[in-house]
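Enquirer: No letters, just coordinates:
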């Protein structure tokens with residue numbers, strides 16, 4: 001029986017340029033650390049030589065510019081569904097408005113491909129995987145192994161496959177995968193292994209972290225921005241939109257429809273039929289939830305439920321006066337909940353934020369320094385998971401520097417070393433080869449050290 005110890009601590013960042021707009025200050029910057037990936041059958045991550053997170057942030061009077069390779073600091077892969085791609089540099093420049101605007105007209109539907117960017121530069125996709133139902137052939141179309149859909153990529157179809165259940169086998173431990181090299185998340189970007197109900201065993205074979213770790217006691221961090229410019233938060237927030245009511249899980253207002261036949265759209269419109277719920281074809285079973293249109297929006301009366309875009313206007317730590325914000329929704333087991341992050345339409349005015357060049361005068365935004373704050377044991381929270389085979393060190397917010405981790409036994413002998421990487425929230429020690437007994441975990445940055453005792457039971 002082994003111990004999972006979760007250690008919480010904080011850091012404060014000082015910024016230059018006097019900037020406070022989160023669309024400028026929230027991105028994780030890096031100019032030295034490179035990424036890594038797993039190949040199937042090899043549990044040792046391979047360095048890819050590509051700089052991770054965001055390389056530079058610039059801003060003007062109206063926009064923030066994010067220069068990034070789109071590579072996370074956590075390892076990517078392997079992708080066990082036969083996806084031949086690996087995460088590759090996107091050489092991207094994104095242009096986000098400093099003051100996003102509500103769309104008061106017809107709301108724009110989310111699109112295939114990028115619909116947002118996480119604060120580590122990684123792409124956000126919506127629910128779809130490019131596969132739909134062709135009522136003419138009564139078969140799936142689009143995507144690998146299927147004929148093209150009528151009208152080609154991006155054509156409007158009545159029954160569109162949900163990527164989260166359909167592509168589960170191809171997601172890595174961090175719930176991501178690449179599309180022709182563009183590594184992305186469709187959903188809450190945390191590791192499968194930290195969900196309350198673990199639905200994928202990929203982390204047992206290829207360990208990895210995610211962008212952030214869900215914490216039911218704290219407001220989730222700002223984790224990205226949608227293509228309409230509005231911020232994206234993790235799974236938990238203030239219960240009431242005015243910032244009161246304590247912390248709660250922020251919930252999707254979409255639910256599965258009570259249908260057995262797929263004959264009508266969620267709004268009641270008669271559409272060409274899709275396959276019956278539970279029907280099978282070529283090894284595929286079309287369960288309820290297989291298609292996006294299996295869900296319907298049901299408005300709720302309390303603030304902790306989101307609107308039809310999967311957002312709400314509310315107070316957040318970064319926006320004390322309130323902002324419209326999306327949330328990466330999960331269910332009570334912390335498994336991803338439709339529509340996952342943004343969609344199926346944008347709240348604000350949409351634009352394709354990926355541009356080829358910056359064509360105006362800008363100021364480069366840079367992080368000046370990290371201020372050490374005299375950490376002490378009172379800042380630690382230890383939780384125990386007796387079925388775990390690791391010691392997990394979790395930082396309360398996203399790490400903005402690399403923290404050195406060291407595990408020593410009671411005699412002072414170092415038995416494990418690791419790094420909690422910039423842009424991550426978790427560091428790990430494998431305890432499978434250790435004897436039961438008392439050990440000490442030390443977290444180090446520059447000359448500051450925090451040490452905490454843990455117990456491994458056998």
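Expert: Everything's here; your move. Just so you know, these numbers come straight off a predicted model, no measurement behind them. Numbers count the residues shown, from 1 in each chain.
Enquirer: Run a quick neighbour tally on the residue nearest to residue 161 when sequence neighbours are not counted.
Expert: Once flanking residues are discounted, residue 161 sits nearest to residue 131: 4.1 Å by C-beta to C-beta, 6 or more residues apart in numbering. The way it works is simple: take the backbone N, C-alpha and C, and place the C-beta from them, glycine included. Counted with other C-beta atoms under 10 Å, residues neighbouring residue 131 total 24.
Enquirer: same question, residue 62
Expert: Residue 62, neighbours per other C-beta under 10 Å, totals 10.
Enquirer: Tell me if I'm right that the residue nearest to residue 161 and residue 167 touch.
Expert: No. Proximity of residue 131 to residue 167 does not meet the contact threshold set by C-beta atoms under 8 Å, at 9.3 Å.
Enquirer: Identify the contacts common to these two.
Expert: Counting by C-beta atoms under 8 Å, 6 or more residues apart in numbering, no residue touches both residue 131 and residue 167.
Enquirer: Direction included, what does whatever helix or strand the residue nearest to residue 161 lives in pair up with?
Expert: Using DSSP states H and E, residue 131 falls within strand 128-134. Next to strand 128-134 in the sheet, as set by DSSP bridges, lie strand 139-141 (antiparallel), strand 160-162 (antiparallel).
Enquirer: residue contacts, the closest residue to residue 391 other than its chain neighbours?
Expert: Nearest residue to residue 391, sequence neighbours excluded (C-beta to C-beta, 6+ apart): residue 429, at 4.3 Å. By C-beta under 8 Å, 6+ apart, the contact set of residue 429 is 390-391, 393, 405, 407, 416, 418, 441.
Enquirer: switch the cut-off to 10 Å
Expert: 5, 390-393, 405-407, 415-418, 439, 441, 454, 456 (C-beta atoms under 10 Å, 6 or more residues apart in numbering).
Enquirer: Buried among the residues you listed? Make that a PyMOL selection.
Expert: Buried subset of the contacts of residue 429, written as a PyMOL selection, criterion 16 or more other C-beta atoms under 10 Å:
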select buried, resi 5+390+391+392+393+405+406+407+415+416+418+439+441+454+456
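Enquirer: Relative to residue 162, which of the contacts of residue 429 is nearest.
Expert: Using C-beta to C-beta, residue 392 comes nearest to residue 162 of those, at 30.3 Å.
Enquirer: Kindly state the pLDDT recorded for the most centrally placed residue in the chain?
Expert: What sits nearest the mean C-alpha location of the chain, by C-alpha atoms, centre = their mean, is residue 189, with 2.0 Å. Residue 189 is assigned 95 on the pLDDT scale.
Enquirer: Same question for residue 439.
Expert: Residue 439 carries a pLDDT score of 82 in this model.
Enquirer: Share the number of residues neighbouring residue 356, please.
Expert: Residue 356 has 6 nearby residues by other C-beta under 10 Å.
Enquirer: And for residue 155?
Expert: When counting by other C-beta under 10 Å, one arrives at 13 neighbours for residue 155.
Enquirer: To which secondary structure element type does the residue nearest to residue 391 belong?
Expert: Judged by DSSP: H, G, I helix; E, B strand; the rest coil, the three-state class of residue 429 is strand.
Enquirer: Looking at the strands paired with strand 128-134, which is nearest to residue 220?
Expert: Of the strands paired with strand 128-134, nearest to residue 220 by C-beta to C-beta is strand 160-162, at 23.1 Å.
Enquirer: which strands and helices sit next to the following helix or strand past that closest one?
Expert: Downstream of strand 160-162, the next assigned helix or strand under DSSP H and E is helix 163-166. If contacts are counted by 3 or more C-beta pairs under 10 Å, 6 or more residues apart in numbering; DSSP states H and E, helix 163-166 sits against strand 128-134.
Enquirer: can you give me the offset of the strand it packs on from its chain's centre?
Expert: 23 Å (C-alpha atoms, centre = their mean, to the nearest Å).
Enquirer: roughly how far apart are residue 151 and residue 180?
Expert: In this structure, residue 151 and residue 180 are 21 Å apart, going by C-beta to C-beta, to the nearest Å.
Enquirer: now residue 157
Expert: 21 Å.
Enquirer: Among those two, which residue is more densely surrounded?
Expert: Set residue 157 next to residue 180 and count neighbours by other C-beta under 10 Å: residue 157 wins out with 24 against 8.
Enquirer: Spatially nearest residue to the more buried one, not counting backbone neighbours?
Expert: residue 132 (3.7 Å).
Enquirer: One more: residue 260?
Expert: residue 277 (5.1 Å).
Enquirer: Is it correct that that neighbour falls within a helix?
Expert: No. Using three-state DSSP, the assignment for residue 277 is coil, not a helix.
Enquirer: Contact partners for it?
Expert: 256-257, 259-262, 285-291, 294.
Enquirer: Can you tell me which of the residues you listed lies closest to residue 97?
Expert: For the contacts of residue 277, the nearest to residue 97 is residue 291 (33.2 Å; C-beta to C-beta).
Enquirer: got any ranges where the stretch 251-400 of the chain has weak pLDDT?
Expert: 367-390, 392, 394-400 (pLDDT under 70).
Enquirer: Please, where are all the strands along it?
Expert: 254-256, 280-281, 284-285, 295-297, 311-314, 323-327, 354-355, 363-365, 367-371, 390-394 (DSSP state E, counting those that start in this stretch).
Enquirer: Select, out of the ones you listed, the one closest to residue 147.
Expert: strand 280-281 (13.7 Å).
Enquirer: who touches that closest one?
Expert: In contact with strand 280-281 (C-beta under 10 Å, 6+ apart) are residues 138-140, 275, 286-287.
Enquirer: any idea how far residue 431 is from the residue of the chain most remote from its centre?
Expert: What lies farthest from the middle of the chain is residue 411; by C-alpha atoms, centre = their mean that is 40.1 Å. Taking C-beta to C-beta as the measure, residue 411 and residue 431 are separated by 17 Å.
Enquirer: Let me see the ranges of the helices in the stretch 201-350 of the chain.
Expert: All helices of the stretch 201-350 of the chain, identified by DSSP state H, counting those that start in this stretch, fall at 202-205.
Enquirer: For the residue nearest to residue 157, give its distance to residue 242.
Expert: From residue 132 over to residue 242 (counting by C-beta to C-beta), the distance is 41 Å.
Enquirer: the more surrounded of the two?
Expert: A direct count of neighbours by other C-beta under 10 Å for residue 132 and residue 242 places residue 132 higher, at 25 against 11.
Enquirer: does that one have beta-bridge partners, and which?
Expert: Going by DSSP bridges, residue 132 forms beta bridges with residue 141, residue 160.
Enquirer: Cool, thanks, signing off.
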